Each structure stands twice: as C-alpha cells, then as structure tokens.
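Peer 1: Requesting a structural model of the entry that follows:
(one chain, ligands or ions: 2)
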Amino acid sequence: MNEPSSRDPVPVIIPRSEHPVSRALVASSALKVLYRLKDAGYQGFLVGGCVRDILLGITPKDFDVATDASPDEVRRLFRNCRLIGRRFRLAHVRFGDQVIEVATFRAMHDTGETDEEGSIEEPEGDAEIESEGGFEEDLEPLPVPRGFDERVLDDRGRLLRDNVYGSIDQDVWRRDFTCNALYYNIEDFSIWDYTGGAEDVRNRTLRLIGDPETRYREDPVRMLRAVRFQAKLGFSLHPATGDPIPRLARLLDGIPPARLLDEAQKLFLTGHAHRAYDLLAAHGLFEHLFPAAARHLQREPDGMAARLLLAGLDATDRRVGEGRSVTPMFLFAVLLFGPVSEYAQRRFDEGVPASQAIADACDQAVIEQNRRIGLPKRFSIPMREMLALQPRFHRRAGRKALNLLTHPRFRAAYDFLLLRAGAGAEDPEIARWWTEIQELPREERIARAESMKGEAPPATPGTRRRRRGGRRRARPSGGADA
Ligand code: ATP
Ligand code: MG
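Peer 2: Residues are numbered from 1 along each chain as shown. Ligands and ions are numbered 1, 2, ... in the order given. Next comes the predicted model:
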C-alpha cells in the first residue's frame, strides 16, 4: 500500500465521531489560521506531528498547517506572516511567540529535493527580522510586494510553481512516516489517511512511506528521525523500515553539520536522551554523529566515560521531565567526555597544567566534532570553561578557594562534578564537600575552608602521579579516564 506504484489517490476519511482530535486540543492560533484559510476558500489541514501526538494523547509541541493556497496567497491573508525558504517557500504566521508553519501542498520531486527540512534555508538573523514589525497580531492583509509572485525559478531555471506545488494527494507521498502523514481537515474535522497511518499509530509502528532505502537515500536524516520517533513515542520500527539503517548509516556523513546539530538537539534535549542514545548505538548511527566519543566508548564500554554518559543523559531526561531548563553545552560535555578526558590526559602527561590540559583537550575534541555536528561557539566556549573549572574543586583550603562559588559557571561545573563523582572519575568526598559548603552560612563556610589548610590534597581515584620537570602532578581532574 505504501509503494509509489500503488499510491492511492483516495484517502480513507475518518469522521470526527471516530477520532479524538478535538478543537479544544488545538492551539487557538492554529485554529485561526485554518479558519481564515477556509473562509477565503482554501483547504486547510493540520498535518504531521500535531495530529499524530493528539491521537497518542500527547500535547503537541507545535502545529503545522498544509493548504492548497500558494505561499503568496497565504501571505495576502495574514499580515503577521513571513515567507521563508529558498527553493520551497513556507509561510510562518506569528502569534506572539508562537509560529504556525503553513506549507503549500507540494508534489514529490524525483530529484532528491523532496525533503522538507533539508531544503529550507532559514534566512540568517531570524531574531532580528522578528523585531522588524509586521508580526503583531494584526490580521489585515498586506499588498504582495513586487517580485514575490509565484513564478520563481530554481537553480536550473525550472519554473518551480508548476513543478513544486501540488494537491494533498501528491503532498502525502513526500512525507516521511505514515504516522506523520495524517491530515486533519478544518472543513468537517475529519482525518484524511492515505497511507494507513491511523492503523500504524494504533499499533505504535513507525513505517516509512514508500521504499525505505530510496527514502533514506533521498534524505539520510530520516534515519535520525526514525530513532527520534522511536525514542519519543515508544514506537517500534516496522522491519522493512529498520533493516536498511545500519547499512546506510554512513550517508549521514554527507549531511551539513548545522542540520545535524538541530537533529542532535531534538534527539537529546527533549526528554528521551538515554533511549535515543541506546537506539542510535544499536542502529550504528551514533558513530556517525560522535565519531571520537564512539571510538572511546567502544574501547572502554564500561569505563568512566560510559558511566558518565548514561548518568548525564538520565539527569538531562529528568530535568526535561521536571520542566527545568537544559543547556546544550552541558549535554555536549557529557557526550564528549571520553575523548576530552583522553586528550587531556595526554596533554597533562606532557607537563601542561590540569586546567590548561583540559581546555586544550576541549578545543581538540570540538574541532573534530565540528566535522560532523557543528558546535557553535555559544556552546563550545561555556563547555570548555565548565570543564576547565573541574580541577579547581580540588582547591578547598583558605577563603580564596570559596571564590569558585561565585564563578558564573559554578552551577554547571558543580553539576558536572557530581556526575564525575558518580561515575568514579572523582573522589566522592570532594563532591560532598562542595555540596555541604553551599548549604552553610557565610561565616561557617570560611571557617570550613580555613580548616582545610594543612590537609593533604585528596587523591583522585586512579591517580597517576608522575614526575615531570621535578614537579609532581596528579591526573587532570577534569576527568582523565585513562
Ligand atoms: P515533532 O514536531 O514532534 O518533532 P513532526 O513529525 O511534527 O515531529 P517536524 O520536523 O515538525 O516533525 O515536521 C513536520 C512534518 O513534516 C512531519 O510530520 C513530516 O510529515 C514532514 N517532514 C519533516 N521532515 C521530513 C523529512 N526529512 N522527510 C519527509 N518528511 C518530513
Ligand atoms: Mg512538528
């Protein structure tokens, strides 16, 4: 049924009385968009994750709309609207801080340009553009600016309008999984199902539309999406959808690092990081996202880095579950701890002081990592600061040691210290000391720190002391794991 040859132009229509998608569960801004399209004589459907999630009893994180109105027609209907994307233009309709993405039905290309995500290029400086005005909740239609008509040519001079925009029964086949290809019709609140998606949702099965290998080759990121939906929804992969993945995993190497960063954040920062990691590893995908980390973990599958990784992912999932904030830099420190500790040990053995050894190791790990997943400086710099602070936890004697408590990265560094202690990469006594000191009133803190004077510095588990240039050094306690 999913084969292109047997594409069914007629959907199964599930009437409102037979499905649980009620308007009360749909964001009012999405409803406004749908009604305005309908009132203007266009088709308006909710599609993708929002329909799937509501069927599963999950609150959708965003609402995507599909319509037969062209992007310019959508733009004329909504003043708070802006067109994005180069080859495939999409409309973003903004309501406060919520954006409803409105996509015109598209036919599938046979040129590999079928994927939605990969072909959209967000203009740079999105945030600035938002403040240009025009996004206030004011639905007055705007005149269409010149040069924004539909006759847009692509790189090869082909008329995009004729080739790209289609009808719903063409749009459905370019979508990835059957569960993501259910359309909720604002006309009569029914759900249109061309691919058997409703049954797959019921059976919690993730099934690619069409021939799996072809679809992965068109867009290898679909392999990561397969893992993400397994992890997020607890679906199992239909065998034909799962089988090609290990064989095709290497295709991820050709995906731009910025796109992989997006996907990595969706995989690891949405509350199911541990499961996502297990699945990525099982499908042979992890090594294509984090090659150095994967090599380290393969060498030492039960080592400190492996323990820290799983504990760090669990902690991240717990935080997300509690609605607390999670920072990508912390996550990347967790994922890259193996290679960072390995490189730090090398620098340390060369006689470089511990903090510097760790900072150097971070730089090396980030340079390597950037070939696969591009880490922006806003993540890599705080990560390096946080890791390079780790040796400072060993300095506890005297009131100056307490300055660490007011360091802007103290909180994250302390959380990382706890992870390291839990993984056996740090003396638990050190972690305990810094936990207790934070609970004491100021006077007692100082007294406690002063009383440390004259005490021998604690031995780090597995400490390797060696002489270099007549000086004694322990391992760099940012977490060498050798
Ligand atoms: P969630 O929002 O929970 O992450 P989603 O399914 O809504 O999941 P989006 O990335 O928001 O995922 O994409 C919206 C819809 O666009 C998908 O449901 C799917 O139909 C289609 N889509 C997105 N990415 C692809 C892709 N790489 N290939 C084919 N279709 C895609
Ligand atoms: Mg979505």
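Peer 1: Quick check: closest non-adjacent residue to Leu279.
Peer 2: Val227 (4.6 Å; C-beta to C-beta, 6 or more residues apart in numbering). Using the backbone N, CA and C atoms, a C-beta is placed for each residue, glycine as well.
Peer 1: unless I'm mixing things up, the one you found is touching His283, no?
Peer 2: Yes: with contact defined as C-beta atoms under 8 Å, Val227 and His283 form a contacting pair (6.4 Å).
Peer 1: Of these two, give the one with the bigger neighbour count.
Peer 2: Between Val227 and His283, counted using other C-beta atoms under 10 Å, the more crowded position is Val227 (28 against 20).
Peer 1: Distance-wise, check the more buried one relative to Arg295.
Peer 2: Counting by C-beta to C-beta, to the nearest Å, the gap from Val227 to Arg295 is 20 Å.
Peer 1: if I pick Phe268, what's in contact with it?
Peer 2: 276-277, 313, 316, 331, 335 (C-beta atoms under 8 Å, 6 or more residues apart in numbering).
Peer 1: Of the residues you listed, which belong to helices?
Peer 2: Applying DSSP state H to these, the entries found in helices are 276-277, 313, 316, 331, 335.
Peer 1: If you rank those by neighbours, which is first?
Peer 2: Result: Leu335 is most packed of the ones in helices among the contacts of Phe268 (other C-beta under 10 Å), 29 neighbours.
Peer 1: need the contact list for it.
Peer 2: 268, 290, 293, 309, 312.
Peer 1: Helix, strand, or coil at Cys83?
Peer 2: Not Cys; residue 83 is Leu. strand (DSSP: H, G, I helix; E, B strand; the rest coil).
Peer 1: neighbours around it, how many?
Peer 2: 15.
Peer 1: I figured it was touching Glu73, is that so?
Peer 2: No: taking C-beta under 8 Å as the definition, Leu83 is not a contact partner of Glu73, at 11.2 Å.
Peer 1: with the ones in helices among the contacts of Phe268 in mind, which one is nearest to ligand 2?
Peer 2: Ala276 (16.9 Å; C-beta to the ion).
Peer 1: which ones are touching the closest one?
Peer 2: Neighbouring residues of Ala276 by C-beta under 8 Å, 6+ apart: 227-228, 231, 267-268.
Peer 1: how about a cut-off of 10 Å?
Peer 2: For Ala276, the contact set (C-beta atoms under 10 Å, 6 or more residues apart in numbering) comprises 224, 227-228, 230-232, 264, 266-270, 285-286, 313, 317.
Peer 1: want to throw the contacts of Phe268 into a markdown table with pLDDT and distance to ligand 2?
Peer 2: Below are the contacts of Phe268 laid out as a markdown table (pLDDT from 0 to 100; distance: C-beta to the ion, whole Å):
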| residue | pLDDT | distance to ligand 2 |
| --- | --- | --- |
| Ala276 | 98 | 17 |
| Tyr277 | 98 | 22 |
| Leu313 | 98 | 23 |
| Thr316 | 97 | 21 |
| Leu331 | 97 | 21 |
| Leu335 | 98 | 24 |
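Peer 1: Mind telling me which residue of this protein is nearest ligand 2?
Peer 2: For the chain, C-beta to the ion, closest residue to ligand 2: Gly49, 3.6 Å.
Peer 1: hang on, isn't that residue packed against Asp64?
Peer 2: Yes: counting by C-beta atoms under 10 Å, Asp64 is a contact partner of Gly49 at 7.2 Å.
Peer 1: Quickly list what's touching both of those two.
Peer 2: Counting by C-beta under 10 Å, 6+ apart, the contacts common to Gly49 and Asp64 are Asn180.
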